[in-house]
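**Q** got a sequence here, can you model it:
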Amino acid sequence: MVGRCHGRELLQRAATLLVQQLQAAQYGGSARAAAAASASRGPHPHAHPHPQQPWQQQQQQQRHARAFSSTPVWSSSSCPSGPPAFAFDIDGVLIRGKHVLPEALEAVRKLTHPDGHWRYPVVFMTNGGGVCEARKAQQLSEWLGVRVEADQVILSHTPMRDLVPELAQRPVLVSGRGDVLNVARSYGLQRVLHTRQLGRAMPAATPFSTYPPEEQDAATGGSASSTAAAPPPSAAAPSLAAVGPHPSSAGASSTGIPGSELGSRSGSGSESGSGRFCPVRDLGLATEAAPIDTVLVMTDPDDWYRDAQLICDVLTGAGVATRSAGAAAASGAPPVKLVFSNPDLLWANEFPKNRFGQGAFAHMTLSLFARLTGGARPHHVTFYGKPNPQPYRLAERLLLAQARRLGLTPPQVAPESGSESGSRSGSGSAVLPFSGIFAVGDNPAADVRGANQAGPPWVSVLVRTGVFQGPGPNCDVDTARVAVDDVAAAVEAAMHHSRRLRWHSMR
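**A** Numbering: from 1, shown residues only. Okay, the predicted model is just below:
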């Protein structure tokens, strides 16, 4: 009996040694092939002009060794023979502030053919926003030196498009820096105004905010106040001026609003006095004629005081900023819905410490609302963005569509097909033919937690180039399946384990 056990142990050791040798040979061959391909297409347009020094090569080898040693075997529910797929965060993973990380260019070279086409399905999933998906895709293409399509980009407000069938004709207040007003209109929201417009229409509501008279809003065709420009809205989403007054707003332009200059068109230094289109005056939005139905915080606001004040005014006034809470309750008006595009408390840029994000603004606004209402919480509060499920379900659909276009999965494999050729997503409604969807991020509370909650085939990968800086190699609270130094090491680890799964599936 002892002899048989000893013999079985020797066979297991021999099999393990054989696997390691095959993996080493396979990895070496892949690395040589990648190096040859890279050499054949010449230097990357953004590559550093000087060759790597010996110490840099040693650092790279050590980084990859740490990636492999810290990576566990993936879930048995993954599809071993399927391709890998990738979901990259942007800030803190590919860029830091205004600088592209060199490891991002290295990662892209590993994932593209010599002609620049993607080898595997890839999406860029960020809790940032403020521009349309096409504009962000253009930025990524310029930064990474590879073509990125709009359907590869998931911004924090991208899943808000699912709200359009319900909100298209309802008054909506949007908050956030960037070109969020045009983004909302491009999604199909037709009765929308920005907190900046509402504040300018009622300057006494935000006495510590400034509204330069020369400033133009995106609703009137200008974008001087935007931090990033976006393509014009589609023909399917008419401008506010084209929509015209809503039937219920008749007489709104002749009705004075307390603390505003909207009673006449001759005011000085206000939206009404400029002769420009004003959605409050001209459409009656945010008045009793057309109360706000939903507030969408699409990105981090550029004026937290103004936006927190006006959002609380709209919430307590049941859609009308000037209405008291008592009058709102007596009117029987429905409560206003409040939607935040992401819950990120922190994010990383060039500053050595992390910066407050939209989650901090949400916490402040909800705390102020609670103080105003004796501890109450708004009736309808929703958070989108990572780690919530909406962007992950959208990413699964987009990755599956890419896999079909790349010829990496049979066309008949669909989210509703019930095929058992792949792993079922965490939602339980989709069957995905991927060996893994590797979610690479720098924020444990968003990227890691979201991927872990999404379930197989999602695999959380944590890098140390952004929010997470230790202590320790991994986060103790939201622990990633893989913890590496940077995005290049993350891609190498993912490719290595996909090869290992494929080899085991053929045994």
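
**Q** within the helices and strands, which one has residue 124?
**A** strand 122-125 (DSSP states H and E).

**Q** same check on residue 493?
**A** helix 487-505.

**Q** where does the protein dip in pLDDT?
**A** 1-81, 214-275, 410-430, 501-507 (pLDDT under 70).

**Q** can I see the domain layout of it?
**A** Residue ranges for the domains of the chain, per automatic domain parsing: 62-156+387-505, 158-383.

**Q** need the ones you listed in CSV with mean neighbour count, can you?
**A** Bear in mind the C-beta positions are built from the backbone N, C-alpha and C, glycine included. Putting these into CSV (neighbours: other CB atoms under 10 Å) gives the following:
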stretch, mean neighbour count
domain 62-156+387-505, 20
domain 158-383, 19
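
**Q** partner residues bridging residue 462?
**A** Residue 462 has these beta-bridge partners by DSSP bridges: residue 441, residue 483.

**Q** that one touches residue 482, doesn't it?
**A** Yes. Contact criterion CB atoms under 8 Å: residue 462 and residue 482 qualify, at 7.0 Å.

**Q** what's the span of stretch 322-337, first residue to last?
**A** Start to finish, the residues bounding stretch 322-337 are 18 Å apart (CA to CA, to the nearest Å).

**Q** before we move on, what about stretch 326-344?
**A** 34 Å.

**Q** equivalent analysis for stretch 82-91, please.
**A** In stretch 82-91, first residue to last residue: 29 Å (CA to CA).

**Q** for stretch 100-116, same thing?
**A** Start-to-end span of stretch 100-116 (CA to CA) is 18 Å.

**Q** what do you get for stretch 89-101?
**A** 13 Å.

**Q** what lies in contact with that stretch?
**A** The contact list for stretch 89-101 (CB atoms under 8 Å, 6 or more residues apart in numbering) reads 46, 88, 104, 124-128, 140, 143-144, 347-351, 386, 439-443, 447, 463, 465-467, 486-487.

**Q** residue boundaries of the helices in the stretch 301-450 of the chain?
**A** Secondary structure of the stretch 301-450 of the chain (DSSP state H, counting those that start in this stretch): helices at 304-316, 325-331, 358-372, 389-405, 449-454.

**Q** picking that back up, quick check: next helix or strand after the strand holding residue 124?
**A** Toward the C-terminus, strand 122-125 is succeeded by helix 133-144 as the next helix or strand (DSSP H and E).

**Q** which elements pack onto that following helix?
**A** With contacts taken as 3 or more CB pairs under 8 Å, 6 or more residues apart in numbering; DSSP states H and E, helix 133-144 sits against helix 102-111, strand 153-154.

**Q** can you list the strands that the last one pairs with?
**A** Spelled out, it's strand 153-154. Using DSSP bridges, the strands paired with strand 153-154 are strand 122-125 (parallel).

**Q** look up how far residue 358 lies from the nearest residue to residue 302 once chain neighbours are set aside.
**A** By the measure of CB to CB, 6 or more residues apart in numbering, the closest residue to residue 302 outside its immediate chain neighbours is residue 177, 4.0 Å from it. As judged by CB to CB, to the nearest Å, residue 177 and residue 358 stand 10 Å apart.

**Q** next, format the helices of the stretch 301-450 of the chain as CSV and append distance to residue 155.
**A** Output for the helices of the stretch 301-450 of the chain, formatted as CSV (distance: least, CB to CB, whole Å):
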stretch, distance to residue 155
helix 304-316, 19
helix 325-331, 33
helix 358-372, 12
helix 389-405, 9
helix 449-454, 15
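
**Q** what residues are up against residue 297?
**A** By CB under 8 Å, 6+ apart, the contact list for residue 297 reads 174-176, 307, 311, 338-341, 358, 361-362.

**Q** wait, residue 144 sits on residue 103?
**A** No. Using CB under 8 Å, residue 144 is not in contact with residue 103, being 11.6 Å away.

**Q** quick check: residue 441 touching residue 447?
**A** Yes. If you go by CB under 8 Å, residue 441 and residue 447 touch, sitting 2.2 Å apart.

**Q** spit out the residues that contact the two alike.
**A** By CB under 8 Å, 6+ apart, the residues touching both residue 441 and residue 447 are 89, 386, 460, 462.

**Q** would CSV of these with distance to residue 169 be doable?
**A** Putting the shared contacts of residue 441 and residue 447 into CSV (distance: CB to CB, whole Å) gives the following:
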residue, distance to residue 169
89, 35
386, 30
460, 40
462, 43
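
**Q** most widely separated two among these?
**A** 386 and 462 (13.0 Å; CB to CB).

**Q** quickly list what's touching both of these two.
**A** 441, 447.

**Q** ok, and the closest non-adjacent residue to residue 162?
**A** Closest to residue 162 by CB to CB, 6+ apart is residue 390, at 7.6 Å.

**Q** restricting to C-alpha, output the helix holding residue 493 in PDB.
**A** Output of helix 487-505 as PDB, limited to C-alpha atoms (Å, rounded to 0.1, in the frame of the first residue of the first chain):
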ATOM      1  CA  VAL A 487      -1.200  47.100 -16.500                       C
ATOM      2  CA  ALA A 488       1.600  45.400 -18.600                       C
ATOM      3  CA  ALA A 489       2.100  42.800 -15.900                       C
ATOM      4  CA  ALA A 490      -1.600  42.400 -15.600                       C
ATOM      5  CA  VAL A 491      -2.000  41.500 -19.300                       C
ATOM      6  CA  GLU A 492       1.000  39.200 -19.100                       C
ATOM      7  CA  ALA A 493      -0.500  37.300 -16.100                       C
ATOM      8  CA  ALA A 494      -3.900  37.100 -17.800                       C
ATOM      9  CA  MET A 495      -2.400  35.700 -21.000                       C
ATOM     10  CA  HIS A 496      -0.200  33.200 -19.100                       C
ATOM     11  CA  HIS A 497      -3.200  31.800 -17.200                       C
ATOM     12  CA  SER A 498      -5.400  31.600 -20.300                       C
ATOM     13  CA  ARG A 499      -2.700  29.500 -21.900                       C
ATOM     14  CA  ARG A 500      -2.500  27.300 -18.900                       C
ATOM     15  CA  LEU A 501      -6.300  26.800 -18.800                       C
ATOM     16  CA  ARG A 502      -6.300  25.900 -22.500                       C
ATOM     17  CA  TRP A 503      -3.500  23.400 -22.000                       C
ATOM     18  CA  HIS A 504      -5.300  21.700 -19.100                       C
ATOM     19  CA  SER A 505      -8.500  21.500 -21.100                       C
END
